[in-house]
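> Quick one: sequence plus predicted model below, questions after.
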Amino acid sequence: MSADEATSEQIRRAEERLHFLDAIATALTDPHRVLDLILTAPDTDAATTALEKEFGFDAEQASAVTSTQFRMATTGFRTALDAERQEIQAALDNLRSGLDLNE
């Protein structure tokens, strides 16, 4: 694997992780609404669909939100989540600057 291919793979993985973290961070801005949607849904598929419609998530993001544990709603976790998102975004920016994305 070339250096550019390895960097591209790192970018893909970081983008994927950030995609999920962004959804969880968004959901945690209104945890009561998320819980209401989940509690009133007849099953997991309906909860996922409701989250997609309410928050504009894709299916993978909505599934990640329905899998989120209550401990993730703590202030400490939200702070750590924001820090991880910032780290990943900075790493992505750095990786992208090292690649000629116009190739």
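That came in fine, so what should we check first?
> and the spatially most central residue of the chain, what is it in contact with?
Nearest to the mean C-alpha position of the chain, counting by Cα atoms, centre = their mean, stands Phe20 at 1.7 Å. Neighbouring residues of Phe20 by Cβ atoms under 8 Å, 6 or more residues apart in numbering: Glu60, Gln61, Ala64. In short, each C-beta sits where N, CA and C put it, glycine included.
> which residues touch the first one?
If I follow you right, that is Glu60. His19, Phe20.
> Quick check: buried residues in the one helix or strand it maps to?
Using DSSP states H and E, Glu60 falls within helix 59-66. Neighbour counts using 16 or more other Cβ atoms under 10 Å place Gln61, Ala62, Ser63, Ala64, Val65, Thr66 of helix 59-66 among the buried residues.
> Where does pLDDT dip in the chain?
Within the chain, the ranges that satisfy pLDDT under 70 run 100-103.
> Mind jotting down where the helices sit in this protein?
3-27, 31-40, 44-55, 59-66, 75-98 (DSSP state H).
> just curious, which of the buried residues of helix 59-66 is nearest to Leu51?
Ala62 (4.0 Å; Cβ to Cβ).
> if I look at that closest one, how far off is Asp93?
From Ala62 over to Asp93 the distance is 27 Å, taken as Cβ to Cβ, to the nearest Å.
> just Ala27 next, same as before
Ala27 is 25 Å from Asp93, by Cβ to Cβ.
> So between these two, which is more surrounded?
Ala27 (25 against 10; other Cβ atoms under 10 Å).
> For that one, list the residues it contacts.
Ala27 neighbours (Cβ under 8 Å, 6+ apart): Val34, Leu51, Phe55, Val65, Thr68.
> Could you count how many residues lie near the closest residue to Leu21 other than its chain neighbours?
Of all residues not flanking Leu21 in the chain, Arg85 sits nearest, at 5.0 Å (Cβ to Cβ, 6 or more residues apart in numbering). By the criterion of other Cβ under 10 Å, Arg85 has 16 neighbours.
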